[in-house]
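**Student:** Take a look and give me a structure for this.
(2 chains)
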Protein chains: 2
Amino acid sequence: MSWIVPDVAPPRSETFRRALQRQAELTKPAGSLGRLEDLAARLAAMQGSGRPSLERVWISVFAADHGVAEEGVSAYPPSVTREMCRVFVAGGAAISVLARQIGAVLEVVDAGIAEPLAGLGVVDARAGSGTANFTRAAAMSEAQRDRALAAGAEAASRARRYGAQLFIGGEMGIANTTSAAALACALVGVGPERLAGPGTGLDGAGVRRKCEVIGTALRLHGEALRDPAEILRRLGGFEIAALTGAYLTAAAASIPVLVDGFIATVAALLAVRMQPACADWFLYAHRSAEPGHRLVLEALGGEPLIDLGMRLGEGSGAAVAVPLLRAACALHNEMVTFTEAGVSGG
Amino acid sequence: MSWIVPDVAPPRSETFRRALQRQAELTKPAGSLGRLEDLAARLAAMQGSGRPSLERVWISVFAADHGVAEEGVSAYPPSVTREMCRVFVAGGAAISVLARQIGAVLEVVDAGIAEPLAGLGVVDARAGSGTANFTRAAAMSEAQRDRALAAGAEAASRARRYGAQLFIGGEMGIANTTSAAALACALVGVGPERLAGPGTGLDGAGVRRKCEVIGTALRLHGEALRDPAEILRRLGGFEIAALTGAYLTAAAASIPVLVDGFIATVAALLAVRMQPACADWFLYAHRSAEPGHRLVLEALGGEPLIDLGMRLGEGSGAAVAVPLLRAACALHNEMVTFTEAGVSGG
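**Tutor:** Next comes the predicted model:
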């Protein structure tokens, strides 16, 4: 790989320890804010600050097309990838609404959709015009994979220059649950029947077809699926590679990452396999209705914040969960201690 | 009972149906927003509007003391009820921080703490100076119960005059998980060992003691625990009665209610037993770490929004969950349809 996996430093353990100490002194029974206490302390440690803040949230949605879509593995035609990018930018998609709602910066990155979208405010970072059909060949060349990883790294660098206190990556790509499931099979070592799901809305026959398609790909690439970079090249998508590059770069820049659903979590698993130290920088937003998500979360030891049956992608689950992290920060920063308040301790 | 249980009309089913129809037309795979779709449609039906809104949120925290505290069933001394009311008003408690964070109105109502808190901006609606110890007598008289129910009803009426689009009730009262567990035993018909938990932080021996105390009370009041109003009078607290009155009155005023944790959910169960029609107006914010909460939620068929191990009370779990409902509304109101966006359908 010519794209260089960055070094990642751990969050500050001393800040974490002091933050938990503060939580124990606030006017509430010890531990009564549940996971919000640990989340505030983790964010404090990542931001290297006793008063963590999530005012500046950055969302990059990476879009790309998939050669494997020609195998009929999605409920929607491939043209929808491109069409939805227009809706993201125009402000009418779920992620557009949610980004406004939480006051986040939203950018849409063309990591390789079939036909370029010119003049729309989409960031041009194309690694190709869609991947190759991975049931017949590797999804991408080494150069393409490295270009897509770099596209994500550049997005995380823009987030860093903005001063982002949280990075969210979203994705759009018709057929990308097929790619993500195939990647997860190779990374976790289980069969497609445990990882393939309905995606945007396949019926039972559709899911069986998707399993067969993934099975064909796994047999074709077989022994070559040895390391994460090669697994990504053979079975991935440009937007998934971009997510992976973005997560690694955000972690290297000490920016906390809030990982979205199934596809984003597969990208997070790729990132952790490439650079185990980045795991400490990841928070998991939600448990998707896509059945394979559970297994990938388990492989990462990820404990999602919400479980509302969402399965939309785009970064939407992460955007919905941001206010929970903001509540954790506000409680940590603004509550008074028993001593300050003159309240009898437990 | 001289306090009159109000009539409650159902939410508008036609608005609900049309809202779900709109959800199916928005630019996303059908059903991919999971529970957020149904929540938006339910809020639309409750508010009688195709475009539900939760800009104006009202929080009433009811505080009261409990005679049963003298049995040593809490990790904190009873003086903490009063002390925490000061912190609520001064802005340093969890609910104070969360109310600011979500831009909600917060009022603190003295429903009967041991000593009145004068001149602090606390609403005076005292039904007594703490309840009687219910292991020896009924917790309150009929007149006190009705005054506490009315205290809650008045809070809901203030919320209605404000134009509240969501009502949240919180509680503060040392020993009130003991009262709530005793009420739940009588309402659900199970023993205290399934409903008593650590509350603010009892150890194993403390929980066993709490079970014994509840058992004693259940034996004392025995056959008298026939109807919800009498169960409330014998085993309840003034703040729990106020919550019950508030929930019933909010439902009667067509204001959606977001129910908080264990104690609040017991009050919701009392309200539903008094007036089954109010169940349609209740949403459940979170699953508390208090083990009895699960059983009470089940008795109501309540599906909480979050499960973060919180167990603080004060309305804090509900306040944390408000942004999820706001996200549901924003998505419902602001996303464009496939037709509007010119995107190919599935």
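
**Student:** Run a quick neighbour tally on the residue of the stretch 51-200 of chain A found nearest chain B.
**Tutor:** Using CB to the nearest CB, residue A:92 is the residue of the stretch 51-200 of chain A that sits closest to chain B, at 3.2 Å. (Each C-beta comes from the backbone N, C-alpha and C, glycine too.) Per other CB atoms under 10 Å in any protein chain shown, the neighbour tally for residue A:92 reads 20.

**Student:** try the one 5 residues further on
**Tutor:** Summarising burial for residue A:97: neighbours were counted as other CB under 10 Å, giving 21.

**Student:** Please report the distance of it from residue B:19.
**Tutor:** 16 Å (CB to CB, to the nearest Å).

**Student:** Could you do residue A:169 as well?
**Tutor:** Residue A:169 is 31 Å from residue B:19, where distance means CB to CB.

**Student:** With neighbour numbers in mind, choose between these two.
**Tutor:** residue A:169 (33 against 23).

**Student:** Just list whatever residues bridge to that one.
**Tutor:** residue A:60 (DSSP bridges).

**Student:** That one: what's it in contact with?
**Tutor:** By CB atoms under 8 Å, 6 or more residues apart in numbering or on different chains, the contact set of residue A:169 is A:59-62, A:152, A:155, A:242-243, A:246-247, A:257, A:259-260, A:264, A:267, A:315.

**Student:** Between those residues, which sits nearest residue B:276?
**Tutor:** residue A:260 (39.9 Å; CB to CB).

**Student:** Which members of the contacts of residue A:169 occur in helices, if any?
**Tutor:** A:152, A:155, A:242, A:243, A:246, A:247, A:264, A:267 (DSSP state H).

**Student:** ok, the third one - how many residues close by?
**Tutor:** As a burial measure, residue A:242 scores 35 neighbours (other CB under 10 Å).

**Student:** which non-adjacent residue is nearest it?
**Tutor:** residue A:152 (3.7 Å; CB to CB, 6 or more residues apart in numbering or on different chains).

**Student:** Hmm, the one you found is touching residue A:250, no?
**Tutor:** No. The criterion here is CB atoms under 8 Å, and residue A:152 misses it with residue A:250 at 9.0 Å.

**Student:** how far is the helix or strand hosting residue A:251 from where the chain is centred?
**Tutor:** According to DSSP states H and E, residue A:251 maps onto helix A:238-252. With CA atoms, centre = their mean, to the nearest Å as the basis, helix A:238-252 stands 8 Å off its chain's centre.

**Student:** could you say what helices and strands that helix packs with?
**Tutor:** When contacts are defined as 3 or more CB pairs under 8 Å, 6 or more residues apart in numbering or on different chains; DSSP states H and E, helix A:238-252 packs onto strand A:57-64, strand A:105-112, helix A:142-162, strand A:166-172, helix A:176-184, helix A:228-235, strand A:257-259, helix A:262-274.

**Student:** Could I get the average pLDDT for the fifth one?
**Tutor:** Translated: helix A:176-184. For helix A:176-184, mean pLDDT is 98.

**Student:** how much does that helix deviate in direction from helix A:228-235?
**Tutor:** 140 degrees (axes from the mean of the first three to the mean of the last three CA atoms, to 10 degrees).

**Student:** Now the helix or strand of chain A with the lowest mean pLDDT: buried residues?
**Tutor:** Taking mean pLDDT, DSSP states H and E as the measure, chain A has helix A:338-341 as its least confident helix or strand, at a mean of 94. Of all the residues in helix A:338-341, those buried under the rule 16 or more other CB atoms under 10 Å in any protein chain shown are A:338, A:341.
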